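In: Mind looking at a prediction? Sequence and model below.
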Amino acid sequence: MLLGIDIGGTTISLGLVDKGRVISRTTAPSFSRDDSQSQTIDTLISLIEAIIVPQVKSIGIGVPSVVDTKNGIVYDAANIPSWKEIHLKEILEQRFRIPVSVNNDANCYALGAVHAL
């Protein structure tokens, strides 16, 4: 089972996926443009804590920004002014103790579309 997260400009969507099927999902308003870096990270962690279950083996996150996919670093995220350089993979792996992958949201969409064929 994995947890997929889409951080959008207006909504953050989270979904538990098992064997290609969405088992549970939730949405929340995206971060306020005035939120600090720590506020946004705290909000994201709270959203994850509300849906994650022990069976989750990894987390995948799509972010509207330039992403160093190897290191999971988010640069200058669109609509999140406080995210100039966020080491998102490192932060979430330390907190949840499972592998985290971070990619640009358009890349995530393209990968999902290919797998849906």
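Out: That came through fine.
In: residues in contact with stretch 72-87?
Out: Under the contact criterion Cβ atoms under 8 Å, 6 or more residues apart in numbering, stretch 72-87 has outside partners 7-9, 30-31, 33, 35-37, 39-41, 63-68, 71, 88-90, 100-102. Every C-beta, even on glycine, is put in place using the N, C-alpha and C of the backbone.
In: Mind checking which of the residues you listed are in strands?
Out: Judged by DSSP state E, the contacts of stretch 72-87 include 7, 63, 66, 67, 68, 100, 101, 102 as members of strands.
In: Now render those residues as TSV, adding pLDDT and neighbour count.
Out: Formatted as TSV, these follow (pLDDT from 0 to 100; neighbours: other Cβ atoms under 10 Å):
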residue	pLDDT	neighbour count
7	93	27
63	93	25
66	93	12
67	94	25
68	96	14
100	97	20
101	94	16
102	95	27
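In: so where's this structure shaky on pLDDT?
Out: 109-117 (pLDDT under 70).
In: All set now, cheers.
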